[in-house]
Each structure stands twice: as C-alpha cells, then as structure tokens.
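Novice: any chance you could fold what I've pasted below:
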Amino acid sequence: MKVICTGTSGSGKLDYLKRVVDEAERLGVKIHLYNIGDLMFKKAEELECPTSPEKILDLAPSSLRALRAAVFEEILKETEKVEHCIISTHGCFRWKNYLMPAFDVHYLNELQPDLYVTVIDSVLNVSRRLHESPAWKGRLTLKDILIWRDEEIFVTKMMASFQRKPHYVVAIEQPATTIYNLMFKPDMTKVYLSFPITLMIDDTQKMKEVREFRDKLREYFEVFDPLAVEDTELTYGTVGSGDAEEEYYLSKLSKDFSLTDTEKAKVEDQTVVRDYMLIDQSDIVVVYYPTDKTSPGVLCEIIYGSTNNKEVHAVFKERVSPFLKFHCTKVFADAETFFDYLKETGRITHK
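Specialist: Residues are numbered from 1 along each chain as shown. Model (predicted):
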C-alpha cells in the first residue's frame with residue numbers, strides 16, 4: 001500500500017502522519033514514512049550544495065526539479081523493499097505571490113500510489129505555525145493561506161483523478177486511525193456527521209452530547225467530523241474560554257482579532273465547499289439534531305447528501321421543521337433507536 005499525502009506548510013501534516021505511523025505500529029502494521037522535504041535537504045548536503053528552508057524555494061526551477069528527481073529515484077528503489085509506505089510531499093507552493101509545482105507526474109506514474117490524502121487544519125492554526133517558521137513568517141496573509149489550502153486540495157485531487165485513485169481530505173484533528181482505516185479498511189463505511197454547529201457552539205452540554213454520539217459512531221464507522229477544522233468560529237466571533245471540557249473551543253483569539261470582509265467571505269465559502277467535499281467522500285450522512293431550532297447549514301447538507309446519492313439518516317430529538325425531514329432516508333427519535341436499527345439491518349454487529 002502506497003499513499004501520497006499532501007498538505008501546505010504549517011498544516012501539521014508531518015506530526016499527524018507520525019501519529020498515524022505510531023498507531024499502525026500499535027495495531028501491528030509497519031508503515032514507512034518518507035518526507036520529501038527532509039530528503040531533499042539531505043540530498044543537497046550529499047551533493048555538497050546545501051540549502052535551507054529559507055532559500056530552497058528560491059533555487060532555479062531546474063535545480064529544484066533535479067533535486068526532487070534524485071530523491072524520488074531513491075524512493076522508487078526503497079518502496080520496492082517495503083510493504084506499506086506514506087510519502088509526505090506538497091502539491092504546490094505559494095511563494096512570493098506565485099504558484100510553484102511541487103511534484104513530477106513522471107514519478108507519480110512510476111510510484112503508482114494506491115491512495116491520495118490531503119491533510120488540512122484550520123487557517124488560524126496554520127497561520128500560527130507559519131509565524132513560528134523563519135522561512136514563512138510574515139509571508140502569507142490569512143487569505144493567502146486559505147487560497148493555498150484550496151489549491152493544495154485541488155492539485156492533489158487532480159493528480160488522483162488522473163491516475164483513477166481515491167482522494168480524501170483529512171483534518172489533523174481526525175483520529176490517527178482515519179488514515180489507517182482508509183489504507184487498510186477501505187470497505188469500512190464512511191460517515192459524514194452533520195449537526196447544527198452555529199446553533200450549539202456555546203452550549204457545552206449539547207456539544208458534549210454530539211461528541212458522545214460521534215464517538216459511538218466511530219466504534220463502527222469512519223466518521224468525518226466537520227468541526228475537525230474549526231474555521232467557522234472565526235466568522236461569528238466565538239472565542240475560546242480556556243475550559244478544558246470545551247474541546248471545540250480551540251482557537252484562543254485576542255480581543256482585537258478580526259477578519260476583513262474578504263477573508264470572512266472566503267472562510268465561509270470554503271467551509272461550505274469543504275463540508276460538501278466531506279459528504280462526497282463519505283458513504284452516508286448521519287444527522288444528529290438535539291435542538292428544535294432550524295439550521296440552514298444542516299438543511300443544505302441533508303439536501304446535498306440526498307441529491308448526491310447518499311443515504312441520510314437523522315436523529316431528531318426535538319420537534320423540527322418538516323423541511324429538515326423531507327430529504328432524509330430515515331428519521332429516528334433518539335440515538336438508541338438509531339443504533340438498534342443499524343444492528344437490526346446488519347449495518348453494525350452487536351457488541
């Protein structure tokens with residue numbers, strides 16, 4: 001099993017992939033991790049033309065291509081000796097206000113990966129990591145980071161499409177088992193969990209209830225959680241309280257923090273498109289709705305899932321608008337009834 005994993009600088013990709021490797025080892029599977037960036041610096045040293053993170057993207061395009069090719073030639077030989085590997089790389093770079101390619105189609109064809117994954121994180125977390133990097137500090141605005149993240153997903157998706165391979169977007173707040181399951185349990189049902197985020201983000205008890213439902217789902221399915229990337233809170237001013245119990249309040253914003261109108265619009269648009277993308281890469285949509293208020297976001301996700309050939313199963317604990325129910329495959333009054341139905345229909349096994 002060969003996996004190409006992309007992600008922008010500052011995405012936390014490498015640390016997340018190391019957790020994936022550790023989790024796989026705990027489960028008895030050895031995965032070899034190759035980080036193209038580190039290998040390129042090492043190869044430059046061997047060739048007695050060392051470079052640095054601050055200067056490598058200033059090299060002549062021909063020099064970068066040659067360095068990358070030398071690394072991929074070695075990886076091609078290495079991957080013949082190992083059963084499972086993840087190759088961590090970039091799809092593109094946004095450097096000095098222009099877009100640079102970060103892959104060679106020839107070597108992707110030679111590698112013939114089985115799976116493509118793009119690792120992402122919230123724009124604020126990425127911004128903070130880049131601010132701590134001498135190579136990237138002060139180079140990118142929040143809007144630049146949003147655009148680069150979008151480009152990284154798009155380029156990787158095109159690479160996967162060209163080779164007719166699956167592509168998934170995975171947030172680093174997803175469990176490390178997510179990529180493990182995508183690699184070794186491809187037939188595991190993938191679920192997009194929909195719930196009214198904006199209506200409940202300040203309700204600690206209801207968010208705890210959602211987390212418990214999500215974790216129960218994860219006992220049987222691979223679950224994509226839209227709040228694994230928490231950009232949305234930037235657009236309506238939610239500020240983390242510091243309470244350890246409120247794990248969704250991760251962005252600790254300063255009092256004078258604000259987005260420009262352009263940045264806010266970009267965040268909102270990308271949030272909608274990304275959630276639809278998560279639905280696309282899922283097999284079914286499961287709605288958990290512990291409130292009687294109507295959420296336009298959940299309504300749109302229900303309609304999108306239903307009209308894109310996905311089953312939509314919904315748990316409505318309160319009386320809700322018939323518009324929320326109209327496009328659902330099946331509706332349940334509580335979580336217990338929902339899980340009983342899954343057992344009765346053979347979707348999950350009894351535990």
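
Novice: next up, the contacts around H167.
Specialist: Contacts of H167 were listed using C-beta atoms under 8 Å, 6 or more residues apart in numbering, and they are 115-118, 156-157, 159-161, 281. C-betas here are computed from N, CA, C, even on glycine.

Novice: OK, contacts around the residue lying closest to it once chain neighbours are set aside?
Specialist: In space, and not counting its chain neighbours, H167 is closest to A160: 3.6 Å by C-beta to C-beta, 6 or more residues apart in numbering. Residues counted as contacts of A160 (C-beta under 8 Å, 6+ apart) are 116, 166-167.

Novice: same thing with L27?
Specialist: Contacts of L27 by C-beta under 8 Å, 6+ apart are Y180.

Novice: distance of it relative to P186?
Specialist: To P186, L27 is 16 Å away according to C-beta to C-beta, to the nearest Å.

Novice: work out for me the element L76 sits within.
Specialist: helix 61-79 (DSSP states H and E).

Novice: in the sheet, which strands lie alongside whatever helix or strand comes next after that helix, parallel or antiparallel?
Specialist: Scanning forward in sequence from helix 61-79 by DSSP H and E, the next helix or strand is strand 85-88. In the sheet, strand 85-88 lines up against strand 2-6 (parallel), strand 32-35 (parallel) (DSSP bridges).

Novice: on that earlier part again, with secondary structure and pLDDT as new columns, can the contacts of H167 be given to me in TSV?
Specialist: Below are the contacts of H167 laid out as TSV (DSSP: H, G, I helix; E, B strand; the rest coil; pLDDT from 0 to 100):
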residue	secondary structure	pLDDT
L115	strand	97
Y116	strand	98
V117	strand	98
T118	strand	98
T156	helix	97
K157	helix	97
M159	helix	95
A160	helix	97
S161	helix	96
Q281	coil	97
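
Novice: between all of those, which two are separated the most?
Specialist: Distance extremes for the contacts of H167: the farthest pair is M159 and Q281 at 15.7 Å, using C-beta to C-beta.

Novice: which one's more surrounded, the two?
Specialist: Each of M159 and Q281 has its neighbours counted (other C-beta atoms under 10 Å); M159 has more, 19 against 16.

Novice: any low-confidence regions in this structure?
Specialist: 232-259, 349-351 (pLDDT under 70).

Novice: helices of that one, start to end?
Specialist: With DSSP state H as the criterion, the chain has helices at 13-26, 36-46, 61-79, 105-111, 123-131, 142-162, 177-184, 197-200, 204-217, 232-236, 261-280, 296-306, 322-326, 335-344.
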